[in-house]
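Colleague: 3D, please:
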Amino acid sequence: MDKSESTIMPGVRPRGRGALGNAVGRFEGAARLAFEDGWEPPEERVLRTEVRVEVPRSAVSYNTSPDLPFDRAINPYRGCEHGCIYCFARPSHAFLNLSPGLDFETKLIARPGIGAVLDKELRAKSYKVAVMALGTNTDPYQPIEGEYGVMREVLEVLRAFKHPLAITTKGTMIERDIDLLAEMAGQGLCRVGVSVTTLDADLSRKMEPRAAAPKRRLQTITRLAQAGIPVRAMISPMIPGLTDHELEPIMAACRDAGATAASYISLRLPREVSQLFQDWLAEHVPDRAAKVMARVRELHGGMDYDPAFGKRMRGEGPWADLMARRFRVAADRLGLAVKLPPMRCDLFAAPARAGDQLSLF
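Modeller: Numbers count the residues shown, from 1 in each chain. Model (predicted):
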């Protein structure tokens, strides 16, 4: 049996999900094929979200990538219910012996208690402060945050330590935390990037089915900006042949909403994401599928994806050069070609704990 066969039960409706299949992960030694045994009542066949709880042993993860402007991050959740079909983080679910397909958006892992672990790590004498990134793998403000509140745990610890942080999200639940974020932003300790991939609500619903609609994300930008929180418009991923024509309108809409800076990243299709995305194209935009993939391969030297540092975020070639020029021109025209000031690291200090001896000075 081919490992790519689906583990979706016949009759299950993946309604409101991004992926169309659930092929087993690349590290699994056996394939599984679901079949109907007659016991499951039809009304229970809707594919529902499952959440498991992980006891976190560490909070901060580090990277040495020259493509990233940060060297550390925190991931409150594994998997993401937003279900964005293009998500480059999908392959990480294979490390959990889960599928990067539907499992990635329906079998999630929450990490409550991570705040206490983070507190301990930040108090270590060897810890050297630098900007902490949140939302770099999966969205910390996906729907289950409303029940588990793991992101709020993390923010409360970072605020207590006066630790600088940068958040990336497309989740409107960030508005719940404006009280903490505005306080930190006022001290030069916080900024937020809001991802807007398209202004087409119908396309967004198909491509990122459980994320907020584009208009609602623009409202989030406005509310954050009005609270004094610096917001970067993140137009990513730009999908050649599908959303690239929207680059300038998205930038203008985000500027009008209150964003003060902007950035973009081209579509990335690492490992299992490529086939998942191609299946999605064939189902939802069959008339443009061939054009999109031809452009993607043009960006990556004939491959679906080139993971080489310096190339993976933008690609190379005429289309990549054109996108870069268009972005620079639009950013200059809209006043978004702004280099935000560095966040403060000099305020970092471990807060006193109950029972600590106070200093005499």
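
Colleague: just for the protein, where's the confidence low?
Modeller: Along the chain, segments meeting pLDDT under 70 span 1-13, 25, 27-45, 354-361.

Colleague: in what element of secondary structure is Ser236 found?
Modeller: strand 231-238 (DSSP states H and E).

Colleague: listing partners with orientation, what would you give for that strand?
Modeller: strand 190-195 (parallel), strand 261-266 (parallel) (DSSP bridges).

Colleague: and the very next helix or strand once past that strand, C-alpha only, in CSV?
Modeller: Moving toward the C-terminus from strand 231-238, the next helix or strand (DSSP H and E) is helix 247-257. These are the backbone C-alpha positions of helix 247-257, laid out as CSV (Å, rounded to 0.1, in the frame of the first residue of the first chain):
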residue,chain,number,x,y,z
LEU,A,247,0.2,43.2,-3.6
GLU,A,248,-0.3,47.0,-4.0
PRO,A,249,-4.0,46.9,-2.9
ILE,A,250,-3.3,44.9,0.2
MET,A,251,-0.4,47.2,1.1
ALA,A,252,-2.7,50.3,0.7
ALA,A,253,-5.5,48.7,2.7
CYS,A,254,-3.2,47.8,5.5
ARG,A,255,-1.7,51.3,5.5
ASP,A,256,-5.1,52.9,5.7
ALA,A,257,-6.0,50.6,8.6
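
Colleague: for helix 247-257, name the packing helices and strands.
Modeller: Secondary-structure packing of helix 247-257 (3 or more Cβ pairs under 8 Å, 6 or more residues apart in numbering; DSSP states H and E): helix 214-226, strand 231-238, strand 261-266, helix 318-334. To be clear about C-beta, it is placed using only N, CA and C from the backbone, and glycine gets the same treatment.

Colleague: so when I look at Ala166, I'm seeing a strand, right?
Modeller: Yes - judged by DSSP: H, G, I helix; E, B strand; the rest coil, Ala166 forms part of a strand.

Colleague: against Leu276, how distant is Phe104?
Modeller: Between Phe104 and Leu276 the computed distance is 9 Å (Cβ to Cβ, to the nearest Å).

Colleague: so between those two, which is more surrounded?
Modeller: For Phe104 versus Leu276, neighbours defined as other Cβ atoms under 10 Å are more numerous around Phe104 (33 against 27).

Colleague: okay, now Gly146: neighbour count?
Modeller: 11.

Colleague: so what does Val60 have for phi and psi?
Modeller: Dihedral angles of Val60 (phi, psi; degrees, to the nearest 10) stand at phi -100, psi 130.

Colleague: same check on Ile109?
Modeller: With angles defined as degrees, to the nearest 10, Ile109 sits at phi -130, psi 120.

Colleague: quick one: residues contacting the closest residue to it other than its chain neighbours.
Modeller: Spatial nearest neighbour of Ile109, chain neighbours left out: Arg78 (3.9 Å); criterion: Cβ to Cβ, 6 or more residues apart in numbering. When contacts are counted by Cβ atoms under 8 Å, 6 or more residues apart in numbering, Arg78 touches 54, 92-93, 96, 108-109, 111, 138.
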